[in-house]
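**Q** Show me the folded form of this:
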Amino acid sequence: MSRSASGTPLPGFGAPAADFEAPFEMLATCHERVERMLTLTARLLQHLLDKGCDEPARQAARDVMRYFDLAAPLHHQDEELHVFPPLLVGPDAGLHALVLRLLQEHRQMEVAWAQARRALQAVAESPASGWVPLTAVQTETLAQFAALYRQHLDDEDRLAYPAAQAGLSPCAVQAMSEDMMQRRGVAPKR
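**A** A predicted model of the protein is given here:
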């Protein structure tokens, strides 16, 4: 979460509440967090133009890196283990094509993240004096990463999640919930 210099959360960047025992709500909450991190990245770029690289900029870069290094890969695993497989075995050819594209985009996002991370790392590790502004290529890398993610999220929210949720049995949803918690080291509430 992004914080001001005083350590308080910046408006609009608090974490929404969600529960792993409602896995599709949790996936939607993850999408909200991705969107907030992409918005934070855009705000960071504007901040760098307006004020240069200061401690709030370095902290914002670290926050974005932490999210996409830790939470995003787990989220993609959730989808690849629980959301996409039932759509691939179902009868809808349109959903099959969608899932194959979404899987390909996950691989593209991994590559794009490695490039975007280098730009953010340059900000996060910048010395207090002697800031060298991001290059046009670095800025474009961050913009392309955000654009790829936004279209991907939209397709999952509108098409993949509703179809998968409608097709999963209560037992499959429970297994999904348990797996998501186990891979994150979260104990069930029972």
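
**Q** Extract the residue ranges of the protein that are flagged as low pLDDT.
**A** 1-19, 190 (pLDDT under 70).

**Q** okay, which residue is most central for it?
**A** residue 34 (3.5 Å; CA atoms, centre = their mean).

**Q** buried residues in the longest helix along the chain?
**A** For the chain, the helix that runs over the most residues, judged by DSSP state H, is helix 93-124. Neighbour-count burial for helix 93-124, counted by 16 or more other CB atoms under 10 Å, picks out 95, 98-99, 102, 105-106, 109, 112-113, 116-117, 119-120, 122-124. Every C-beta, even on glycine, is put in place using the N, C-alpha and C of the backbone.

**Q** Does anything pack onto it? Which helices or strands?
**A** helix 23-51, helix 55-66, helix 72-78, helix 84-89, helix 136-155 (3 or more CB pairs under 8 Å, 6 or more residues apart in numbering; DSSP states H and E).

**Q** and that helix, how far from the chain's centre?
**A** The chain centroid and the centroid of helix 93-124 are separated by 10 Å under CA atoms, centre = their mean, to the nearest Å.

**Q** what's the answer for stretch 33-51, then?
**A** 14 Å.

**Q** what comes up buried for that stretch?
**A** Those would be 33-34, 36-38, 40-41, 43-45, 47-48, for stretch 33-51 by 16+ other CB under 10 Å.

**Q** With stretch 179-190 instead?
**A** For stretch 179-190, by 16+ other CB under 10 Å, it's 179-181.

**Q** Extract the C-alpha trace of it and format it as PDB.
**A** Only the C-alpha atoms of stretch 179-190 are listed here, as PDB (Å, rounded to 0.1, in the frame of the first residue of the first chain):
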ATOM      1  CA  ASP A 179      -5.800 -24.400  -2.300                       C
ATOM      2  CA  MET A 180      -5.600 -20.600  -2.500                       C
ATOM      3  CA  MET A 181      -5.300 -20.400   1.300                       C
ATOM      4  CA  GLN A 182      -2.800 -23.200   1.500                       C
ATOM      5  CA  ARG A 183      -0.500 -21.800  -1.100                       C
ATOM      6  CA  ARG A 184      -0.500 -18.500   0.800                       C
ATOM      7  CA  GLY A 185      -0.100 -20.000   4.300                       C
ATOM      8  CA  VAL A 186      -3.500 -18.800   5.400                       C
ATOM      9  CA  ALA A 187      -5.400 -21.000   7.900                       C
ATOM     10  CA  PRO A 188      -9.100 -21.700   7.300                       C
ATOM     11  CA  LYS A 189     -11.500 -19.900   9.600                       C
ATOM     12  CA  ARG A 190     -13.300 -23.100  10.700                       C
END
